[in-house]
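In: A predicted structure for the sequence below; I have some questions about it.
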Amino acid sequence: MYGSTFGNVLKISTWGESHGKAIGVVIDGCPAGLPLCEEDIQRYLDRRKPGQSKFTTQRKEGDLVEILSGVFEGKTTGTPISLMVRNLDQRSKDYSEIANYYRPGHADLNYDRKYGFRDYRGGGRSSGRETIGRVAAGAVAAKLLKELGVSLSAYTCSIGPVTIDRNAFDPEEIKKNAFYMPDAQAAAKAEEYLKQCMKETNSSGGMVECVITGVPAGIGEPAFEKLDAALAKSMFSIGAVKGFEIGSGMEAARSTGLQNNDAYGITPQGDIVKKTNHSGGITGGISDGCPIIFRAAFKPTPSIASPQETVNRQGEAIEIRIKGRHDPIIVPRAVVVVESMAALVILDAMLGSMTTRLDKIKDFFQN
């Protein structure tokens, strides 16, 4: 299997399976001198760990991170950083019967078709637990970005039919409810909706929005390494993501040029600025200095206890009810995954942009 490594200058390689001994990530390309400790990473992992509310899987995992390499006396050394989280609460027997059939909405059949073999215990590498490595690495990237004046904030903007009211947007509310929604009334409606889904042994999808501020203009490369393309790829690499849009997104298809174009103006200080931000902070694949705003759509959790039609490995039609401990909605725990992947993309692009102008290279090496 290839494809477990992500990035150009800052590279990460995630490893491990949902029901293996441990799971983790190796980060290569992180500069030396960044103050870093396990607590910095743990804060991010705590946001995605299971069992935090009745709307997440009740698998009991502390998800405690261990720094194995790349940090000495509290600072990064410039060498590869290896991070590990041990799996402590696997119940592989919950998955024993699915070894012989294919779960709807899961990658079971495609893994068998591709490899002729699969780790059926929780999905192996296709499990959402793989995102632990992404979040751990994203915590490191976000801390480095903070040193550069860049901040990221992801939150839930919709769950099923419930959408936040932009006029009631409260950033302080994000950490106050189980869904990471910036609107208390929307969070209350989402709770009632999810209770009904759970009563019906069903699940729900939703949307995560991310806002990135402080990214200077000029980040991103033309053609195949556009910044918005890199963000889209990173979001679609998250297992449950089925849609991505940036700025006005799909609404741009229903707009005219006069409505969608971002007009320019001049500040009293003589700076050129955009009067609107339909582009979502990226124009021509390059950051334009405005906040970067994008959304990722997550499908409903495919593991549900309701009866579903499928086939077994012998080609026989059967009906199943999936057992085990599963999230009725993926979105709340995915918020930090979106934020982490965005941090990795932005930092990688900023490090890559250091070589795009000769005058900048001269400034660095001659000064």
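Out: Looks like it arrived, so ask away.

In: check which element follows the host helix or strand of residue 188 along the chain.
Out: For residue 188, the host element (DSSP states H and E) is helix 184-199. Sequence-wise, the next helix or strand downstream of helix 184-199 (DSSP H and E) is strand 206-213.

In: restrict that next one to CA atoms and write it as PDB.
Out: Output of strand 206-213 as PDB, limited to C-alpha atoms (Å, rounded to 0.1, in the frame of the first residue of the first chain):
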ATOM      1  CA  GLY A 206     -23.300  17.200   8.400                       C
ATOM      2  CA  MET A 207     -21.000  20.000   7.300                       C
ATOM      3  CA  VAL A 208     -17.800  21.400   8.800                       C
ATOM      4  CA  GLU A 209     -16.700  25.000   8.000                       C
ATOM      5  CA  CYS A 210     -13.100  26.200   8.500                       C
ATOM      6  CA  VAL A 211     -11.800  29.800   8.700                       C
ATOM      7  CA  ILE A 212      -8.100  30.500   8.400                       C
ATOM      8  CA  THR A 213      -6.700  34.000   9.100                       C
END
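
In: tell me the angle that strand makes with helix 184-199.
Out: Strand 206-213 and helix 184-199 are oriented at 150 degrees to each other (axes from the mean of the first three to the mean of the last three CA atoms, to 10 degrees).

In: mind listing what's buried along strand 206-213?
Out: By neighbour count on 16 or more other CB atoms under 10 Å, the buried set for strand 206-213 is 206, 207, 208, 209, 210, 211, 212. Glycine gets a C-beta too; all of them are placed from N, C-alpha and C.

In: reformat those residues as a markdown table; add pLDDT and distance to residue 220.
Out: A markdown table is the format used below for the buried residues of strand 206-213 (pLDDT from 0 to 100; distance: CB to CB, whole Å):
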| residue | pLDDT | distance to residue 220 |
| --- | --- | --- |
| 206 | 98 | 28 |
| 207 | 98 | 24 |
| 208 | 98 | 22 |
| 209 | 98 | 20 |
| 210 | 98 | 16 |
| 211 | 98 | 17 |
| 212 | 98 | 12 |
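
In: and these, which is closest to residue 276?
Out: Distance to residue 276, by CB to CB, is smallest for residue 211 among these, at 15.6 Å.

In: sorry, back to before: and the helix holding residue 188, what does it pack against?
Out: When contacts are defined as 3 or more CB pairs under 8 Å, 6 or more residues apart in numbering; DSSP states H and E, helix 184-199 sits against strand 151-159, strand 162-163.

In: any chance of these in JSON lines, plus mean neighbour count?
Out: Compiled in JSON lines, the helices and strands packed on helix 184-199 are given as follows (neighbours: other CB atoms under 10 Å):
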{"stretch": "strand 151-159", "mean neighbour count": "22"}
{"stretch": "strand 162-163", "mean neighbour count": "20"}
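
In: closest to residue 39 out of those?
Out: Proximity to residue 39, assessed across those by CB to CB, is greatest for strand 151-159 (18.9 Å).

In: skipping adjacent residues, who's closest to residue 134 in space?
Out: Once flanking residues are discounted, residue 134 sits nearest to residue 340: 5.4 Å by CB to CB, 6 or more residues apart in numbering.

In: show me what contacts that neighbour?
Out: By CB atoms under 8 Å, 6 or more residues apart in numbering, the contact set of residue 340 is 44, 134, 135, 137, 138, 139, 141, 142.

In: so which helix or strand takes in the fourth one?
Out: Just to be clear, that refers to residue 137. Element membership for residue 137 (DSSP H and E) is helix 131-147.

In: strand 151-159 and the helix holding residue 188, what's the angle between them?
Out: Per the same axes, to 10 degrees, the angle that helix 184-199 makes with strand 151-159 is 60 degrees.

In: export the buried residues of strand 206-213 as a markdown table, with columns for distance to residue 310.
Out: A markdown table is the format used below for those (distance: CB to CB, whole Å):
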| residue | distance to residue 310 |
| --- | --- |
| 206 | 25 |
| 207 | 28 |
| 208 | 29 |
| 209 | 34 |
| 210 | 35 |
| 211 | 40 |
| 212 | 40 |
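
In: please consider this matter closed, and thank you.
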